[in-house]
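*Asks:* what's the 3D shape of this:
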Amino acid sequence: MATKKQKEAQADTNLAFALIPFILAAIAFSLYHYAKLKAKYLTGPHARRVFDMGTNWEAMLRSSVMAFAYAAMAWLLYQRAPWTMVLSVPLGLVVLNWVGKVQAQAFLGVVVDYQQGLIYFPPNSESLDISDYLTILPVVRQFTTLDSVPLADVQRITRQAGKKVFLHGDFGSRRISFTNKLKRDECIHLITANGNGRVKVMAELE
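*Replies:* Sure thing, here's the model as predicted:
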């Protein structure tokens, strides 16, 4: 007869094997959504991309933690009530789709399209309020849809803490975060280039 420790070890092994297809599916969703984003935003010679590997790893870590937490919860529910798989599998595909979108956006990075006159970048949470967090869906929509502002509407750029860029204009303010100054300055250059030199770049704020 198996001991309690052996049963727990077997359960851990089963969970690990159950996570393998979950991880492969997450990778597939990420590649699929990135291919869609690339085809939509990086076509033509007028699109310029700023890719920061550091922010990509951060997004992958956050979304992977969320996916792992869901997979662990679904597995625990299955252990207690096998019928819950009928609900957890379809819902898991929805979660994986969200995870794939978040990771694909982070991998795309910041895109400056001179032909369309737009800057595309991963969204941030500053525009959300308490009602959005309570209803959840606006939060999900916010973090699975690229934000954008017109290049012509950017009036002022401020830099903060060495790695953050704040865009100011008629649209309000938007933040774009990087993990190093090189990528930050590359982004500022692309925004102010191509005849957009009227933008005021302010001194760095600590």
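*Asks:* Only C-alpha atoms from now on, for both contacts and neighbour counts.
*Replies:* OK.
*Asks:* Can you tell me the centre-most residue of this protein?
*Replies:* Nearest residue to the geometric centre of the chain (CA atoms, centre = their mean): Val102, 3.2 Å.
*Asks:* A helix includes it, no?
*Replies:* Yes - inclusion of Val102 in a helix is indicated when DSSP: H, G, I helix; E, B strand; the rest coil is applied.
*Asks:* Is it in contact with Arg62, as I believe?
*Replies:* No - between Val102 and Arg62 no contact is recorded; they are 9.4 Å apart, counting by CA atoms under 8 Å.
*Asks:* Check the contact between Phe121 and Val165; I expect there is one.
*Replies:* No - applying CA under 8 Å, one finds Phe121 not in contact with Val165, separated by 11.5 Å.
*Asks:* who's more crowded, the two?
*Replies:* Remark: of Phe121 and Val165, Phe121 carries more neighbours, 24 against 21, as counted by other CA atoms under 10 Å.
*Asks:* Not counting residues beside it along the chain, what's closest to that one?
*Replies:* In space, and not counting its chain neighbours, Phe121 is closest to Val110: 4.5 Å by CA to CA, 6 or more residues apart in numbering.
*Asks:* picking that back up, quick check: pLDDT value at the residue nearest to the centre of the chain.
*Replies:* At Val102, the model reports a pLDDT of 82.
*Asks:* how long is stretch 98-118 end to end?
*Replies:* 24 Å (CA to CA, to the nearest Å).
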